[in-house]
Each structure stands twice: as C-alpha cells, then as structure tokens.
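Trainee: The following block contains a protein sequence and its predicted model.
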Amino acid sequence: MVRVLKLSAVMLWAAVALAASALCAAHTSAAHPVEGQEQKTAAATGGAAAAGAGTHGLTPQERRGKAIYLRGESPSGKEITALIGEVDVPASTLTCGGCHGARGEGKTEGGVTAGNLSWTNLLKSYGHTHPSGRKHGPFDEGLFARALVEGSDPAGNELAVAMPRFKMSAPDLADLIAYLKRIETDRDPGLTETGIKVGTLLPAQGALAETGAAMRDVLAAYFDDLNGKGGIYGRRVELAVAETGPDAAATAASVRLLVEDGQVFAIVGGMSAGADKELAALTQEVEIPFIGPATLLPQTGFQTNRYIFYLLPGMSEQARALFNFSAQRQPLARARVAIVYPEGGMTAAAAADIAELCKKSGCGELRQSTYTVPAVFKDKIFLAFPSVPADVTPAGEAELRALVEKYRFPMRHTAAQLSALAAAKVLVEGLQRGGRDVSREKLVTALEGLYEYETGATPRLTFGPNRRVGASGAYIVGIDPARKDFVAVGDWVKAN
Ligand code: HEC
C-alpha cells in the first residue's frame, strides 16, 4: 500500500534530503546513485561567549579513580580484573560502585553487606566491627591494597568470597585511593535536595534567533508545568540558557561557562550550532549528560561518548539506512553502485561512510562522484528523512498545545518546538528512572536503558551503551513527479 506523505515543517526542519536512486529502468545496469543536499540547521550566530573555566569538580587523578570505582575502567589502559571464586572477569562487570554504592555509602544485598568505602570511614581510628562479627583496626593505603588483592582485612581476617580479589596496576590503585578520599564530597553540580538545574544551548541572535526563542518557550513552559506538579522527586527543575556563539569554539566556550560557572547538572535540547565535535569533547571531559542536541552530525565515532544522547539520526545514519534500503531491493553483488553527492563536508563524509559499507558488503562495482541536479533521476530517487509528521502522536501534539495554551506562547517553528519537547521528556524520564538518589552517572545508565521510548514527537527511541542515536535509521520516501509529492515506500529502515 502506498501512502502519500505531505511535506511539512517536521521534514523540512531537521531533514536531511539524502537521496538514493534504486534500480534503473532497464534493470541491466543497476546503479544506485546517492544524491545529497543538506539543509542548514544550526548556523551559529552571534552570542557572547567569554571563555572561562572555574575549577570545580575533580582533579584528573580523582576523575580517573572515579572511572575505576564506578565502571571498572582503567584510564591507564591496563586491564583490571576481578577474581570471583575461581573465575577471572573484567572489573567492568563487577564494579566497586555496584556493590558498595555509587557514592561509596555501602549496601546490603541478599543479607551480605559491602561496607562504606569512604576514606574517612576506612581510616577510623577504632576500626570496624562488621555485622558478621568480623573486627579489625583502621586501614591505611597498604592495608587497603591488601584487602583488594588478597582479600584480607587489617586484622588478617579473610573477607567473604562476595568481595572479589582484584588485579590492578599501581597507578590505577593510586587513582582509586585518590578518589575514595574525595568520594564523600563528590556531589554532581546542580543537584540539591530541592532542586535540579539544567542547561540548554540556543541561538539568540541572527537568522535562528526566533527558532531559539521558540524552543526556549517550550522548555521553560514544560519545566514550569512539571514543577507545578511537584517536580521530580520533589526537586524543582531550573533552566539556564547558554547562547550559541559565532563559531564552534565560541559555542563550546559558552557551554563550558554554563557547565562550570552555571553549575548545571545536565544539558537538554537546543542546537549544537556546528560545534558537534567540540561539544562531544566537552561533555566527555566534564562528564555531563547532554540529551537531545539538534544536529545533522551526531558524533558516533569509534570511541563511544557515554554522555551524549542524540534523538534523531544524522547524515551518516540516514545514508546507511538508504544503503540498506537499496541492498534490500537488489542483491549488491550484482549491482553497480554509484554514490553521488554534492560537494561539501557533511555529505562527503556520509558518502565515504557508504563507500566503506559497500566494500564490506561486497558491492559489484563502486563509483563516486559529486552531483547537483537530481531532476534526471526523477522516480528513481529516494529520500531519507529522520522523522515524518506521523511520528507526532495525538498525545504528543496535545501536550504541546496544552503548554501553548497554558503559557500563552506562540506555536511557531513547530518542528523545533517538538524536538525541544522530546528532549525535555527524555531527560525527565531518565531523571525519574534514576531515582531520588540520582547522579549524572545514574542518569546516563537510566537513559541507556530506554527501549522504544515514545516521546510523542519523534520516532521511538532506543539507547544503549553502544547506541547513542535514539532513532538510528531513516524513513525512506520516494517522489511522485506527476503529483509533485512524496510517496512512502517503506517503513523505518535501520542504519545498522
Ligand atoms: C561483588 C560485590 C563486590 C564488589 C564488586 C566489590 N566489593 Fe568490596 N566488598 C564486598 C563485600 C560483600 C564485602 C564485605 C566482605 C566481608 O565482610 O567479609 C567487601 C569488603 C570490602 C572491603 C573491606 C572493608 C572492611 O571494612 O573490611 C574493602 C576495602 C572493599 N570491599 C573494597 C572494594 C573495592 C575498592 C572494590 C572495587 C575495586 C570492591 N570492593 C568491589 C563486595 C564487593
């Protein structure tokens, strides 16, 4: 069944019109040209952005220790292993934080108590008497190392098998100790008993200023409404806004200021304004979650960045979905494939990505060239869209309308407003799942657990430790030249 789709703002907005023709008429020399044109999203405009860096937070050594404590990751690159019974496993599967609590507070599970690991507690002059009756004097660094490696406490008592025996390098051990000395006061910024401060990044000047204002209206209204309903575990959400700068460096500096001086807990929605690489690096460095920046270039390279969650697919994911779509229509080994794209960085990168995929999948013949006029391909052209109007459910639309009515702001740049709403909802879902005792770490883990989450304004979103784009794929849409309209040719096609 063919469904005709009307082009709407949603498509135009974040839409990447990467087009791929499938089969040529004669079927003898099948070609799969891929044509691309991109729509400008976040051209950075105006906006003051003083570079400035407070020195809140952890030292590099403490930060490395935290990675060991919470994730069993060794920043020094040496493997850390945990021996449980007779089995050696990577420490990433048995983390200190998992048993002793994300803040070292100690935890009892199944009748077994893994005690408080704050350094002050470990060094208490009178030592510990444990629920099991085990008694010992204070730890020091050497005794702590012995507990980890040999599994015995300062009095020489053997620790229960529930406590794994660890193997880690001396520098890793030093980092871990440095963090345990700090763990008690390591509170994520922006989080108090009664409030949670979040930031967003919006253009305030130039051509995109109005879009920025439209998104801001939604975010402010959404959080105010939420606060009226009691907030999140009694915490009120406070919104701080950073402006995009005239270039990527200025935008990144503006966000750094927001994070370090503004002390926000997480960043939500807004636009990446061409500073994708810089923002990805910053979130990684500061370890701050960033949920739903609107961009065509999600940074999903080799090294996964745990802190960014992109809602919609970018150029690369859409190009991959187009490729998969073509491959479904004709076996690649018999196909002659042409990747055709306009000159320019964004599409060139996506084209290179497809070429690589093509080689790996054993394409018959591969050609690449740049191209500008798609007209000759007419009904052989297929377009990829990150989202279609049908993604906006009646509930999603009603939610936006209710905010518009209650807060009396104009409904404009609807697609941008819906993307802001979606980002805010994903953040709040993550905060709720993170629990009363939420931390940045817990928020990230909660978001990585989202599966087919329905925002009402985007395709369903699924994240995971290695999946940073919630809707990773594209809608493939054909063109009906006679009716000058788009025609749906299939459902959602995955990028992988
Ligand atoms: C699988 C769960 C588990 C993991 C993972 C784990 N522990 Fe433990 N740990 C325990 C339990 C249970 C005890 C208590 C053992 C006992 O009472 O005999 C314990 C005891 C200890 C003790 C002794 C405390 C005392 O007062 O005697 C230290 C120190 C310790 N753990 C440090 C760590 C560190 C550091 C890590 C990470 C590198 C870690 N543990 C990972 C479960 C765990």
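Mentor: Sure, I can see it. Residues are numbered from 1 along each chain as shown.
Trainee: Quick one: name the residues of this structure near the ligand.
Mentor: Selection of the chain residues close to the ligand by Cβ under 6 Å from any ligand atom yields 94-96, 98-100, 112, 114-115, 117, 128, 130, 132, 134, 144, 147-148, 153, 159-160, 162-164, 166. No exception for glycine: its C-beta is placed from N, CA and C like everyone else's.
Trainee: Tell me where the model's unsure across the stretch 251-400 of the chain.
Mentor: Applying pLDDT under 70 to the stretch 251-400 of the chain picks out residues 302-303, 334-347, 349, 364-366, 368-380.
Trainee: ok so, going back, restrict the residues of the chain next to the ligand to the buried ones and give me that as a ChimeraX selection.
Mentor: The following ChimeraX line selects those of the residues of the chain next to the ligand that are buried, judged by 16 or more other Cβ atoms under 10 Å:
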select :94,95,96,98,99,100,114,115,117,128,144,147,148,153,159,163,164,166
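Trainee: Now, the residues of the chain next to the ligand that are in strands?
Mentor: 112, 114, 128, 166 (DSSP state E).
Trainee: got the contact list for Ala114?
Mentor: 99-101, 106-108, 162-163 (Cβ atoms under 8 Å, 6 or more residues apart in numbering).
Trainee: again, only using 6 Å
Mentor: 99-100, 107 (Cβ atoms under 6 Å, 6 or more residues apart in numbering).
Trainee: about what we covered before: need the max-distance pair from the ones in strands among the residues of the chain next to the ligand.
Mentor: His128 and Phe166 (19.8 Å; Cβ to Cβ).
Trainee: where exactly do the helices run in the stretch 51-200 of the chain?
Mentor: 60-71, 96-100, 119-122, 141-149, 170-180 (DSSP state H, counting those that start in this stretch).
Trainee: Remind me what the longest strand along the chain packs against, helices and strands.
Mentor: Looking across the chain with DSSP E, the single longest strand is strand 485-494. Packing contacts for strand 485-494, counted by 3 or more Cβ pairs under 6 Å, 6 or more residues apart in numbering; DSSP states H and E, involve strand 3-5, helix 315-329, strand 473-480.
Trainee: how does it look with 10 Å?
Mentor: Strand 485-494 is packed against strand 3-5, helix 315-329, strand 381-385, strand 473-480, with contacts defined by 3 or more Cβ pairs under 10 Å, 6 or more residues apart in numbering; DSSP states H and E.
Trainee: Tabulate those (JSON lines), appending mean neighbour count.
Mentor: Formatted as JSON lines, the helices and strands packed on strand 485-494 follow (neighbours: other Cβ atoms under 10 Å):
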{"stretch": "strand 3-5", "mean neighbour count": "13"}
{"stretch": "helix 315-329", "mean neighbour count": "23"}
{"stretch": "strand 381-385", "mean neighbour count": "26"}
{"stretch": "strand 473-480", "mean neighbour count": "23"}
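Trainee: Now render these as a markdown table, adding distance to Val89.
Mentor: Compiled in a markdown table, the helices and strands packed on strand 485-494 are given as follows (distance: least, Cβ to Cβ, whole Å):
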| stretch | distance to Val89 |
| --- | --- |
| strand 3-5 | 50 |
| helix 315-329 | 33 |
| strand 381-385 | 41 |
| strand 473-480 | 34 |
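Trainee: The closest residue to Leu297 other than its chain neighbours: neighbour count?
Mentor: Leaving aside its sequence neighbours, Leu297 sits nearest to Asp276 (Cβ to Cβ, 6 or more residues apart in numbering; 4.6 Å). Asp276 has 22 neighbours, counted by other Cβ atoms under 10 Å.
Trainee: go on, Glu86?
Mentor: Neighbour number of Glu86 under other Cβ under 10 Å is 5.
Trainee: Repeat that for Gly133.
Mentor: So Gly133, with other Cβ under 10 Å, has 7 neighbours.
Trainee: and it, what is it in contact with?
Mentor: Asn157 (Cβ atoms under 10 Å, 6 or more residues apart in numbering).
Trainee: Can you tell me how far Trp426 is from Thr93?
Mentor: Actually, residue 426 is Val. It isn't Trp. 27 Å (Cβ to Cβ, to the nearest Å).
Trainee: Pop the domain breakdown of the protein in here.
Mentor: Segmentation of the chain into domains, based on automatic domain parsing, reads 3-41+315-389+474-494, 60-185, 195-293+394-456.
Trainee: closest to Thr300 out of the ones you listed?
Mentor: domain 3-41+315-389+474-494 (7.2 Å).
Trainee: Which positions are bridged to the residue nearest the centre of the chain in the beta structure?
Mentor: The structure's the chain has its C-alpha centroid closest to Phe309; by Cα atoms, centre = their mean the separation is 1.6 Å. Legend: beta-bridge partners of Phe309 under DSSP bridges are Ile291.
Trainee: There's contact between it and Gly430 in this structure, I believe.
Mentor: Yes - if you go by Cβ atoms under 10 Å, Phe309 and Gly430 touch, sitting 8.3 Å apart.
Trainee: Show me the common contact partners of those two, please.
Mentor: Jointly contacting Phe309 and Gly430 under the rule Cβ under 10 Å, 6+ apart are 266, 268, 289, 291, 443-444, 447-448, 450, 463.
Trainee: Would you format these as a markdown table with distance to Arg256 and secondary structure included?
Mentor: Below are those laid out as a markdown table (distance: Cβ to Cβ, whole Å; DSSP: H, G, I helix; E, B strand; the rest coil):
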| residue | distance to Arg256 | secondary structure |
| --- | --- | --- |
| Ala266 | 15 | strand |
| Val268 | 17 | strand |
| Pro289 | 15 | coil |
| Ile291 | 18 | strand |
| Leu443 | 20 | helix |
| Val444 | 20 | helix |
| Leu447 | 22 | helix |
| Glu448 | 25 | helix |
| Leu450 | 27 | coil |
| Phe463 | 25 | coil |
